[in-house]
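A.B. asks: Kindly generate the corresponding structure for this input.
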Amino acid sequence: MDNKEAALPDPNEPGNRGGSGAASLRSHLDNDARRSTAPRPALGVDRSQHTILVVDDSEAAKYAVARGLRAAGFRTLEGSAGAECLELAPKADAVVLDVHLPDINGLEVCRLLRANDATASLPIVHMTAVYQGEEHEAQSIAAGANAYLGAPVAPAELAALLDDLVVVVTRAKE
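C.D. replies: Coordinates of the predicted model:
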């Protein structure tokens, strides 16, 4: 299906209130977007000029993260697997990467991105709802991730972290 949003039930349709996690998620995100709680971008960050690649095999999780980042002003690309991440990463300014992917483990994807000259300095945020704890965080950082977050994460928190990471990489390139 080309339209990712069409895959989620409409919370306003009869029978979709309260019982569907996707409908509840969409309603929550719509309310968050209206409240505009995202912090102002870091000094010198024009979020509209930065593309964040969101990679997660869970359509609902990917939708939630991408929607929050777009509401904060970022552009987004989306992928559902490690191979897609490796293909799309050169077009992005940062990557939000799930650890558990269907084809290639997110830790290995991170190592492969770091080994490629075109993506070696790309900010990578590992985000997972499954693998949480100090041991998993240490493995993620050792694989080359800049940050490790347990999901769910508030959109404003993720946007602020990405602001900081994008600023560091931008300054290093200057």
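
A.B. asks: Can you list the residue ranges for strands in this protein?
C.D. replies: 51-55, 75-79, 94-98, 124-128, 147-150 (DSSP state E).

A.B. asks: Let me have those in TSV, adding distance to S140 and mean pLDDT as columns.
C.D. replies: No exception for glycine: its C-beta is placed from N, CA and C like everyone else's. Shown next, in TSV, are the strands of the chain (distance: least, CB to CB, whole Å; pLDDT from 0 to 100):
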stretch	distance to S140	mean pLDDT
strand 51-55	14	98
strand 75-79	18	98
strand 94-98	9	98
strand 124-128	4	95
strand 147-150	4	94
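
A.B. asks: Of the ones you listed, give the one that comes closest to R111.
C.D. replies: strand 124-128 (10.3 Å; CB to CB).

A.B. asks: got the contact list for the closest one?
C.D. replies: 56, 65, 94-100, 106-107, 110, 113, 136, 140, 143-151, 153, 158, 161-162, 165 (CB atoms under 8 Å, 6 or more residues apart in numbering).

A.B. asks: Now the buried members of those.
C.D. replies: 56, 65, 94-99, 106-107, 110, 113, 136, 140, 143-149, 151, 153, 158, 161-162, 165 (16 or more other CB atoms under 10 Å).

A.B. asks: Show me what the closest residue to E87 other than its chain neighbours is bridged to.
C.D. replies: Nearest residue to E87, sequence neighbours excluded (CB to CB, 6 or more residues apart in numbering): G79, at 7.7 Å. Beta-bridge partners for G79, by DSSP bridges, are V55.

A.B. asks: tell me the contacts of G79?
C.D. replies: L53, V54, V55, C85, E87, L88.
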